[in-house]
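**Q** sequence first, then the predicted structure, then my questions.
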Amino acid sequence: MDTMHAVRAHSRGGPERLTYETAPRPRAAPDEVLVAVRAASITADELTWDATWTDSFDGTGADRTPIIPSHEVSGIAAAVGPGVTSVAVGDEVYGLIPFTRDGAAAEYVSVPADALAAKPAGLDHDRAAAVPLAALTAWQALVDHASVKAGQHVLIHGAAGGVGSFAVQIAAALGARVTATAAARDRDFVTSLGAERVLDYAGARFEDQAGDVDVVLDLVGGRTQERSWAVLRPGGVLVSIVSPPDPERAAEHGARGTFFIVEPSHDELGSIARLIENGRLIPVVDHVVELADTREAYETLRGEHQRGKVVIHVPAAP
Ligand SMILES: NC(=O)c1ccc[n+]([C@@H]2O[C@H](COP(=O)([O-])OP(=O)(O)OC[C@H]3O[C@@H](n4cnc5c(N)ncnc54)[C@H](OP(=O)(O)O)[C@@H]3O)[C@@H](O)[C@H]2O)c1
């Protein structure tokens, strides 16, 4: 049996369950690409999701352990399964791996071909791995769910975070006027991403400062979401990635509310890659760790302020 180095958890729990060890090397099944991983990035919350540990999406609830975390990948196609035409061996690819299967904290991972796209030219693997989840979420919120148009006024809550830092840049690239909420220490950072105005979320109420808004992008939830109806124009839309907006509140304000969960998309990763190649979208990496140090990286991420993604660098297997 071919083997590889990987980070795995053999039973459900937090980062303390993650072990750097030798594991079986996967093979590319039909319609899949075996990726030699060069970088992966961390979504700390994934260790708390049922989908990470059980086959919750297919309804069986079967235990999936041992699992491999970290579902954003950048690497090189090492083999392609039957039926794959979009990727050839040797191509540099990046993508979001469905959370219901093994992730990329390993030397190899097999990924459905339609979850991958060509890595943005000129971007190294570490920075490419910081892109898929957050950029796809921001893209799907603004383009698919809010249909943002040039000239519209967009309010983005949580603008300095992983999703927010992409959302500000994508909204600005679409020609929207962006007002953002963020911590006071992140004002200059969020302004540099393209926000016209940055409001301190711990300062004066955003309702008193934002003015009329066409689209609210809620990356925070709770009271921030509830308070946001007050700034929406009639006919406006509140898109949340945290919790479903209350339909009664939406109706009271003549607005629309929607919630969604990000999905892998070959085509949208391609559009995002074009924005990166044109210099309109710059991935933000907080710091890079080695594969063997993945557990410590998950541990320190609990509750810590970060700007952009924490990336796992994976050296080429011998
Ligand atoms: N539905 C989906 O498909 C999907 C996809 C990705 C993420 N998510 C969820 O979306 C949320 C955001 O994800 P993320 O990766 O961007 O998180 P993140 O990197 O932790 O960023 C959150 C940001 O929000 C800021 N913030 C906290 N309280 C705020 C407030 N009251 N007003 C404005 N900003 C505030 C934080 O600032 P401080 O650092 O100062 O606290 C931080 O900059 C998470 O709950 C995540 O689980 C959902």
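**A** Looks like it came in fine. Numbers count the residues shown, from 1 in each chain.
**Q** Pro120 and Asn278 touch, don't they?
**A** No - counting by C-beta atoms under 8 Å, Pro120 does not reach Asn278; the two are 9.8 Å apart. C-beta here means a position set from N, CA and C on the backbone, and glycine is covered the same way.
**Q** so between those two, which is more surrounded?
**A** Neighbour count, other C-beta atoms under 10 Å: between Pro120 and Asn278, Pro120 has more, with 24 against 10.
**Q** quick one: residues contacting the more buried one.
**A** 94, 128, 131, 272-273, 276-277 (C-beta atoms under 8 Å, 6 or more residues apart in numbering).
**Q** PyMOL command to pick out the buried ones of these?
**A** A single PyMOL command selects the buried members of these (16 or more other C-beta atoms under 10 Å):
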select buried, resi 94+128+131+272+273+276
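**Q** of the contacts of Pro120, which belong to strands?
**A** Cross-referencing these against strands under DSSP state E gives Tyr94.
**Q** out of the contacts of Pro120, who's nearest the ligand?
**A** Nearest to the ligand among the contacts of Pro120 is Val131, at 12.7 Å by C-beta to the nearest ligand atom.
**Q** tell me which element the residue lying closest to the closest one once chain neighbours are set aside is part of?
**A** Of all residues not flanking Val131 in the chain, Pro283 sits nearest, at 5.0 Å (C-beta to C-beta, 6 or more residues apart in numbering). Counting by DSSP states H and E, no helix or strand carries Pro283.
**Q** for Val289, same thing?
**A** If you go by DSSP H and E, Val289 is part of strand 285-290.
**Q** now that strand: average pLDDT?
**A** Strand 285-290 shows a mean pLDDT of 94 in the predicted model.
**Q** swap in stretch 192-206?
**A** What stretch 192-206 shows for mean pLDDT is 96.
**Q** and Arg302, what does it touch?
**A** With contacts defined as C-beta under 8 Å, 6+ apart, Arg302 is in contact with 14-15, 44.
**Q** got a markdown table for these, with pLDDT and neighbour count too?
**A** Putting the contacts of Arg302 into a markdown table (pLDDT from 0 to 100; neighbours: other C-beta atoms under 10 Å) gives the following:
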| residue | pLDDT | neighbour count |
| --- | --- | --- |
| Gly14 | 95 | 14 |
| Pro15 | 96 | 19 |
| Ala44 | 83 | 19 |
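**Q** ok, and which of these reach the ligand?
**A** Among the contacts of Arg302, not one lies near the ligand by C-beta under 6 Å from any ligand atom.
**Q** now for Gly175, how many residues are close by?
**A** Quick note: Gly175 (other C-beta under 10 Å) scores 11 neighbours.
**Q** work out for me the element it sits within.
**A** For Gly175, there is no host helix or strand (DSSP H and E).
**Q** same check on the one 3 residues further on?
**A** Under DSSP H and E, the secondary-structure element containing Val178 is strand 177-182.
**Q** I'd like the distance between whichever residue of the stretch 1-150 of the chain sits closest to the ligand and Gly103.
**A** The ligand sits closest to Thr137 of the stretch 1-150 of the chain, with a gap of 4.1 Å, by C-beta to the nearest ligand atom. Distance, Thr137 to Gly103, by C-beta to C-beta, to the nearest Å: 17 Å.
**Q** closest to Pro247 among the contacts of Arg302?
**A** The closest of those to Pro247 turns out to be Ala44 (C-beta to C-beta; 30.9 Å).
**Q** rebuild the contacts of Arg302 as CSV, extending it with secondary structure.
**A** Shown next, in CSV, are those (DSSP: H, G, I helix; E, B strand; the rest coil):
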residue, secondary structure
Gly14, coil
Pro15, helix
Ala44, helix
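**Q** closest to Asp293 out of the residues you listed?
**A** Out of the contacts of Arg302, the member with the shortest distance to Asp293 (by C-beta to C-beta) is Pro15, at 11.5 Å.
**Q** excluding chain neighbours, what is closest to the closest one?
**A** Tyr298 (3.5 Å).
**Q** give me the pLDDT for whatever residue of the stretch 101-250 of the chain ends up closest to the ligand.
**A** At 1.9 Å from the ligand, Gly161 is the closest residue in the stretch 101-250 of the chain, using C-beta to the nearest ligand atom. At Gly161, the pLDDT value in this model is 88.
**Q** can you list contacts of stretch 214-223?
**A** Stretch 214-223 is contacted from outside by 138, 141-142, 146, 148, 152-159, 161, 163-164, 167, 171, 176, 181, 201, 224-225, 228, 231-233, 236-243, 245, using C-beta under 8 Å, 6+ apart.
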